[in-house]
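Asker: Sequence and predicted structure are below.
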Amino acid sequence: MEIVYLIIGIIVGFLIGFLISKLNNKKSSSLTIEELDEIKSAKTRAEEKVSLYQNELNELKSNLEKERTKLLEISSEYSKINTQNVNLEEKLSNQKKEIEELQERFRIEFKNLANEILEDKSKKFTEQNQENLRNILDPLRERITDFRKRVDEIHASDTKSYSELTTHLKTLQELNRRMSDEAENLTKALKGDTKVMGSWGEFVLETILEKSGLVKNEHYTIQESFTDETGKRLRPDVVIKLPEKKSIIIDSKVSLVAYEKYSSADDEKEIERAVKDHIFSIRSHIKGLSAKEYQNIEDLNPPDFVLMFIPIEPAFSLAVQKDPSVFNDAFENNIVIVSPSTLLATLRTIENIWRRESQNKNAMEIARRSGMLYDKFVGFVDDLEKIGKKISEADASYHDAKNKLSDGRGNILRSIETIKELGAKASKSLPDNMIKGIED
């Protein structure tokens, strides 16, 4: 506005100066009529311009006043808005702070709740697992205890058996010597009585069987009757049973009459004749024993060979000494000639075989039970692996459920609380610790 006044002042001053200059010049020289008219005309124009400028000035003043009024109104509105904005920012800051505090509190409370739930579930799960483990381990512990006890019993039994075998072997020689002496004396006393001689042979055989450690009717039978493939009845003196359903037959009916004559002979010719008769008697008995064909008895599976028992040790020694081939000839007919000493050693071996068989069965039972125990243990380990996987799966499912419940935009808890905030009628409210950490 001041600029407008300045312009008008400059124009008016210029016109006044111009007129004064003209008047001064008029004083120095006379003015013409044209010049005077020009001056008047210039004055008129100047006055018109002044009037025009005055009108414009008035209009500008009016507009300026209007703009000033608007400016005052805008300034007042701005002050109000600014004040409201400051209040809103302060309120927003306070609300944001409250929300952050609520979120932190909800997060901590929800975490505590989740930990409590997980701890409770874990405790119950652990207690249940401990009970399950006890149910599995207690029978397993009992089986291991029984297994160890059984192994100790077998070990003690083996040690005792070996000790007994050593003792029996030490007494074997003395026993054989005494039996041979008794048999020799009895042979001299019998004086060729064949019936008594046969009974004596059976008696010696039964004595050896009793001292062998074998059990009657379990490991051997006496005078048991059988039928061969042709229907012929056979009655071997003794049948020794072997593992795998095999057997050995013992025959004790060999005649020793010739040997008795040999023992009582006084001259060389009688001795020589008695020796020949003794060897002939043994060979004849070998042929007769082979002809019985005990191998045709199906129930005996069949016997691998027959033991021909000579109850007097010197009679056995005499035959082998005078005719060494008699032993081999008998063996070719699946017959083995045995004396009291060799028979007792053979029966001791068979008894040891049976003991080993029993131990093998025990070992097989131990192996079977060990296999069952191992299978149980493998199953137990598999169950532990499954339990570990279930725990991992449960933990993963727990975190997934937790995330779906409270994390992310539009989570379940936020949606439920929003429904309530929108005016849904509800008589109950979620616990504060359940809405902790809700995200918008």
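Answerer: In hand now; what should we look at? Residues are numbered from 1 along each chain as shown.
Asker: Can you give me every residue that contacts the closest residue to residue 246 other than its chain neighbours?
Answerer: Closest residue to residue 246 apart from its sequence neighbours, by C-beta to C-beta, 6 or more residues apart in numbering: residue 301 at 5.5 Å. Glycine gets a C-beta too; all of them are placed from N, C-alpha and C. For residue 301, the contact set (C-beta atoms under 8 Å, 6 or more residues apart in numbering) comprises 245-247.
Asker: ok, of those, which one's closest to residue 381?
Answerer: When the contacts of residue 301 are ranked by distance to residue 381 (C-beta to C-beta), residue 245 comes first, at 41.5 Å.
Asker: how deep is the closest one tucked in, by neighbour count?
Answerer: Residues near residue 245, counting by other C-beta atoms under 10 Å, number 9.
Asker: pLDDT score for it?
Answerer: On the pLDDT scale, residue 245 is placed at 80.
Asker: re earlier: nearest to residue 288 among the contacts of residue 301?
Answerer: Using C-beta to C-beta, residue 247 comes nearest to residue 288 of these, at 20.3 Å.
Asker: so what does the strand or helix carrying that closest one touch, helix or strand wise?
Answerer: Using DSSP states H and E, residue 247 sits within strand 246-251. Here strand 246-251 touches strand 238-242, strand 306-309, going by 3 or more C-beta pairs under 8 Å, 6 or more residues apart in numbering; DSSP states H and E.
Asker: Could you write out the alpha-carbon coordinates of the shortest one in CSV?
Answerer: Provided in CSV are the C-alpha atoms of strand 306-309 (Å, rounded to 0.1, in the frame of the first residue of the first chain):
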residue,chain,number,x,y,z
VAL,A,306,27.1,-153.0,18.6
LEU,A,307,29.4,-153.2,21.6
MET,A,308,30.3,-156.8,22.3
PHE,A,309,31.2,-156.9,26.0
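Asker: what packs against it?
Answerer: Applying 3+ C-beta pairs under 8 Å, 6+ apart, we find strand 306-309 packed against strand 246-251, helix 268-291, strand 335-338, helix 340-406.
Asker: same deal with the longest one?
Answerer: The criterion is 3+ C-beta pairs under 8 Å, 6+ apart, and the helices and strands that strand 238-242 contacts are strand 220-222, strand 246-251, helix 340-406.
Asker: got the contacts of residue 301 as a markdown table, with distance to residue 216 columns?
Answerer: Below are those laid out as a markdown table (distance: C-beta to C-beta, whole Å):
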| residue | distance to residue 216 |
| --- | --- |
| 245 | 19 |
| 246 | 19 |
| 247 | 15 |
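Asker: Closest one of these to residue 390?
Answerer: Taking those together and measuring to residue 390 by C-beta to C-beta, the closest member is residue 245, at 53.1 Å.
Asker: need the helices for this protein, in chain order.
Answerer: With DSSP state H as the criterion, the chain has helices at 2-28, 33-190, 194-212, 257-264, 268-291, 313-322, 325-332, 340-406, 412-421.
Asker: Would you single out the least confident of these?
Answerer: helix 2-28 (a mean of 58).
Asker: Where do the domain boundaries of the protein fall?
Answerer: As assigned by automatic domain parsing, the chain contains the domains 2-84, 175-355.
Asker: The ones you listed: which one's closest to residue 361?
Answerer: domain 175-355 (9.7 Å).
Asker: State the number of residues packed around residue 369.
Answerer: That count, for residue 369 with other C-beta under 10 Å as the rule, works out to 14.
Asker: Check the gap between it and residue 243 for me.
Answerer: From residue 369 over to residue 243 the distance is 22 Å, taken as C-beta to C-beta, to the nearest Å.
Asker: Could you do residue 325 as well?
Answerer: To residue 243, residue 325 is 33 Å away according to C-beta to C-beta.
Asker: ok, those two, which is more surrounded?
Answerer: The residue with more neighbours, out of residue 325 and residue 243, is residue 243; 13 against 10, by other C-beta under 10 Å.
Asker: Spatially nearest residue to that one (excluding sequence neighbours)?
Answerer: Once flanking residues are discounted, residue 243 sits nearest to residue 357: 4.6 Å by C-beta to C-beta, 6+ apart.
Asker: From residue 266, how far out is residue 206?
Answerer: Taking C-beta to C-beta, one finds residue 206 at 34 Å from residue 266.
Asker: Likewise for residue 397?
Answerer: Applying C-beta to C-beta to residue 397 and residue 266 gives a distance of 111 Å.
Asker: Give me the phi and psi angles of residue 255.
Answerer: With angles defined as degrees, to the nearest 10, residue 255 sits at phi -80, psi 140.
Asker: ok so, going back, highest mean neighbour count across the helices and strands packed on strand 246-251, which stretch is it?
Answerer: Of the helices and strands packed on strand 246-251, the one with the most neighbours on average (mean count of other C-beta atoms under 10 Å) is strand 306-309, at a mean of 23.
Asker: what does that one rub up against?
Answerer: So strand 306-309 is contacted by 201, 205, 237, 248-252, 254, 285-286, 289, 294, 330, 334-339, 343, 346 (C-beta under 8 Å, 6+ apart).
Asker: for stretch 223-235, same thing?
Answerer: In contact with stretch 223-235 (C-beta under 8 Å, 6+ apart) are residues 236-237, 239, 292-294, 296-300.
Asker: mean confidence for that stretch?
Answerer: When pLDDT is averaged along stretch 223-235, the result is 79.
Asker: Need the CA coordinates for that stretch. PDB is fine.
Answerer: The C-alpha coordinates for stretch 223-235 follow below in PDB (Å, rounded to 0.1, in the frame of the first residue of the first chain):
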ATOM      1  CA  GLN A 223      16.300-156.200  28.100                       C
ATOM      2  CA  GLU A 224      13.900-154.000  26.100                       C
ATOM      3  CA  SER A 225      12.000-155.900  23.400                       C
ATOM      4  CA  PHE A 226      11.900-154.600  19.700                       C
ATOM      5  CA  THR A 227      10.600-155.800  16.400                       C
ATOM      6  CA  ASP A 228      12.600-155.500  13.200                       C
ATOM      7  CA  GLU A 229      11.400-154.900   9.600                       C
ATOM      8  CA  THR A 230      10.600-158.600   9.100                       C
ATOM      9  CA  GLY A 231       8.600-158.900  12.300                       C
ATOM     10  CA  LYS A 232      11.300-160.800  14.200                       C
ATOM     11  CA  ARG A 233      11.400-160.100  17.900                       C
ATOM     12  CA  LEU A 234      14.800-158.900  19.200                       C
ATOM     13  CA  ARG A 235      15.800-158.300  22.800                       C
END
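Asker: I appreciate the help and will end here.
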